[in-house]
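Undergrad: Curious how this folds, go ahead:
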Amino acid sequence: MPLNKKMLNEAVNYVTYNPFDMNWAKALQLYITPKLELVFNGKLDVKEAVSLFIKNVNDLLQEEN
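TA: Numbers count the residues shown, from 1 in each chain. Model prediction:
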């Protein structure tokens, strides 16, 4: 038995998954990550960042794959 099996069983309770959409990686790369970098660098607050990318991300995720 692995020594850390108990920890792995507990960690599963905190796992999050990316949306199951073919365009999700593209949305992250083009729209989300660049704006979140500005948040992390203190140049934008979260609400401003989301307002700048939300329409583009929603449009991309609604496209046919």
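Undergrad: from here on, contacts and neighbour counts on C-alpha atoms
TA: Fine.
Undergrad: and residue 22, backbone torsions?
TA: phi -60, psi -30 (degrees, to the nearest 10).
Undergrad: quick one: low-confidence ranges for this protein?
TA: 1-2, 65 (pLDDT under 70).
Undergrad: Now do the lengthiest helix in it: which elements does it pack against?
TA: The single longest helix within the chain, with elements called by DSSP state H, is helix 46-62. Applying 3 or more Cα pairs under 8 Å, 6 or more residues apart in numbering; DSSP states H and E, one finds that helix 46-62 makes contact with helix 24-27, helix 33-40.
Undergrad: Out of those, flag the one nearest residue 64.
TA: helix 24-27 (12.5 Å; Cα to Cα).
Undergrad: Sort out which residues of that closest one are buried, please.
TA: For helix 24-27, burial by neighbour count (16 or more other Cα atoms under 10 Å) applies to 24, 27.
Undergrad: from the middle of its chain, how far away would that helix be?
TA: 9 Å (Cα atoms, centre = their mean, to the nearest Å).
Undergrad: outside of it, which residues touch it?
TA: 18, 57, 60, 61 (Cα atoms under 8 Å, 6 or more residues apart in numbering).
Undergrad: Repeat that for stretch 30-46.
TA: Contacts for stretch 30-46 (Cα under 8 Å, 6+ apart): 49, 50, 52, 53, 56, 57.
Undergrad: Recalculate using a threshold of 6 Å.
TA: 49, 53 (Cα atoms under 6 Å, 6 or more residues apart in numbering).
Undergrad: Report how far apart the opening and closing residues of that stretch are.
TA: 17 Å (Cα to Cα, to the nearest Å).
Undergrad: now do stretch 6-20
TA: Start-to-end, stretch 6-20 (Cα to Cα) is 28 Å.
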